[in-house]
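# next one to model:
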Amino acid sequence: MRYIPICIFLCLVAISGCVTHSSERSSFREFIEIGNGYEDISDLKEINGLPAFLATDSYRPAPRSAVGRFPTRSQNWFIVYNNEELGKNFISIDYFTEIDGKLTYVVSNYVHSADFDTFIVYDGKELGKTDSNYILVDSPTEVNRKLAYRALRGTGNKYWNSSREGYVVVYDETEGRVYDDLQDLTAINDKLCYFAFNQSKWFLVCNDYESENKYDGVVGPPIDVAGKVTYVAVNYLQTKAGYIQMKRFIVHDNQEIGKQYDDASFPVEINGSLAYLARQGDKSFIVYNGEKYGGKYVDVNRPIQINARLAYSVGKDFEKGKFIVYDGQEIGKQYYSVRDPLEIKGKLTFVTYRENWTTFIVYGNQEIGKNYEWANYPTEIDDKLAFVAMRDGKVFVVMEQ
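Predicted coordinates for the structure are as follows:
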């Protein structure tokens with residue numbers, strides 16, 4: 001019998017251990033952590049090919065005069081973008097986006113003992129401050145590479161003693177019509193579309209066109225389905241018992257669809273056709289290409305397009321969690337529960353729960369982020385997977401290299 005010298009044996013053991021450890025570390029090195037580690041992170045998205053997100057690393061007291069009207073402690077949200085922390089001098093950043101390649105965001109700022117100021121920062125300019133003709137500005141949106149936003153015309157303090165004239169859309173520095181209210185600015189087929197409210201009814205506006213269809217409510221924003229403007233409308237009906245019942249249905253190219261059901265919502269385009277979630281009695285199902293899908297399951301959720309195919313999450317039963325139905329196949333039943341699926345780099349991706357309700361990510365056939373306390377909010381940035389995760393009590397953005 002031949003014996004291996006002890007020094008060679010120990011060396012082989014060490015090498016074997018290093019190879020395993022190196023493999024794990026190599027797999028981990030495919031991802032990098034971005035940021036200094038924060039108390040919380042929100043709204044991870046891509047700006048000019050780079051990750052950008054809202055972060056907070058502290059709670060601080062609200063102004064004394066605000067006690068009773070606002071929480072006594074408020075989160076200070078700022079933007080992390082291109083290795084910089086932006087907006088920490090303001091009370092909070094409420095929302096941010098990209099307009100014509102420029103970082104654009106909505107700011108809440110302390111003015112004096114009686115008021116707050118809300119304005120938009122775009123291309124170095126501060127729009128809609130207290131010295132303007134607007135009480136409030138928000139909802140910055142890109143349309144044909146130009147800035148559009150919602151503004152409340154009037155004078156006075158933001159929250160009281162103000163003279164309000166109505167809401168307008170400011171597009172390319174030009175005001176539109178005045179409405180009692182408006183919401184959900186978006187670009188569809190190079191047109192500026194939104195919902196407006198006058199005489200107690202909501203209706204669609206696209207450029208200078210005002211829809212003749214008027215509704216008690218709308219659920220936005222409007223979207224493009226096969227080149228046609230599509231949205232959810234709401235009417236309130238009084239039952240025989242005297243109750244008010246909400247009736248939702250789909251408006252697709254000004255045609256009302258799904259009114260034969262008790263409820264219709266969550267329209268989406270799948271492979272060039274309209275799909276939506278419907279409910280009849282206690283049964284929910286997907287309506288797509290004239291067929292109904294998912295009726296045999298409990299708690300069917302909104303339809304989602306993954307690689308031009310239908311995907312949705314469903315309940316196992318009323319007491320257990322969910323799994324995914326993708327192109328007719330049941331996926332993720334081995335997990336405690338899952339969230340709605342999404343597509344990242346052409347791969348079916350979803351967040352799954354452990355029994356203690358901490359989360360990790362399933363990306364294609366890979367389980368990602370299990371080495372963190374939790375991993376969540378997956379998205380695609382610069383053709384790479386990115387997500388938010390917590391390690392040692394601090395929250396980071398994690399991204400493929």
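
# direction included, what does the helix or strand harbouring Arg248 pair up with?
According to DSSP states H and E, Arg248 maps onto strand 244-252. Here strand 244-252 has these sheet partners by DSSP bridges: strand 228-238 (antiparallel), strand 255-257 (antiparallel).

# can you give me the buried ones in it?
For strand 244-252, the neighbour count (16 or more other Cβ atoms under 10 Å) marks Lys247, Arg248, Phe249, Ile250, Val251, His252 as buried. (Glycine included, C-beta is placed from N, CA and C.)

# now do stretch 345-365
For stretch 345-365, a neighbour-count test (16+ other Cβ under 10 Å) marks Lys347, Leu348, Thr349, Phe350, Val351, Thr352, Tyr353, Thr359, Phe360, Ile361, Val362, Tyr363 as buried.

# can you list the residues that contact that stretch?
Counting contacts by Cβ atoms under 8 Å, 6 or more residues apart in numbering, the residues outside stretch 345-365 that touch it are 306-307, 311, 313, 321, 324, 326, 331-332, 335-344, 367-370, 372-378, 380, 383-385, 387.

# for Arg385, what is the enclosing helix or strand?
If you look again at residue 385, you'll see it is Leu, not Arg. Assessed by DSSP H and E, Leu385 sits inside strand 384-391.

# off-centre distance for that strand?
In terms of Cα atoms, centre = their mean, to the nearest Å, the centre of strand 384-391 is found 16 Å from the chain centre.

# hey, C-alpha coordinates of that strand in CSV?
Extracted in CSV, the C-alpha atoms of strand 384-391 (Å, rounded to 0.1, in the frame of the first residue of the first chain):
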residue,chain,number,x,y,z
LYS,A,384,-28.0,43.4,-16.4
LEU,A,385,-30.0,42.1,-13.4
ALA,A,386,-30.2,44.5,-10.5
PHE,A,387,-32.0,44.2,-7.2
VAL,A,388,-32.2,45.6,-3.6
ALA,A,389,-30.9,43.5,-0.7
MET,A,390,-30.1,43.8,3.0
ARG,A,391,-26.8,42.7,4.6
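
# what's the span of stretch 132-149 from first residue to last?
Using Cα to Cα, to the nearest Å, one end of stretch 132-149 lies 15 Å from the other.

# which residues are contacting it?
Contacts of stretch 132-149 (Cβ under 8 Å, 6+ apart): 94-95, 97-100, 104-106, 118-120, 122, 127-128, 150-156, 158, 162, 164, 169-172, 183-187, 190-192.

# now that stretch: buried residues?
Buried residues in stretch 132-149, counted by 16+ other Cβ under 10 Å: 134-143, 147-149.

# now do it: distance to the chain's middle.
Relative to its parent chain, stretch 132-149 has a centroid offset of 19 Å by Cα atoms, centre = their mean.

# hmm, back to that, among the contacts of stretch 345-365, name the ones in strands.
Taking DSSP state E, the ones among those that sit in strands are 306, 311, 313, 324, 326, 331, 337-338, 342-344, 367-368, 374-378, 380, 384-385, 387.

# in ChimeraX, how would I select just the buried ones from those residues?
In ChimeraX, this line selects whichever of the ones in strands among the contacts of stretch 345-365 come out buried by 16+ other Cβ under 10 Å:
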select :306,311,313,324,326,331,337,338,342,343,344,368,374,375,376,377,378,380,384,385,387
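
# may I have the phi/psi pair for Ser92?
Per-residue torsions, Ser92: phi -170, psi 150 (degrees, to the nearest 10).

# centroid residue for the protein?
In the chain, the residue lying closest to the centroid (Cα atoms, centre = their mean) is Asp43, at 7.0 Å.

# thanks a lot, catch you later.
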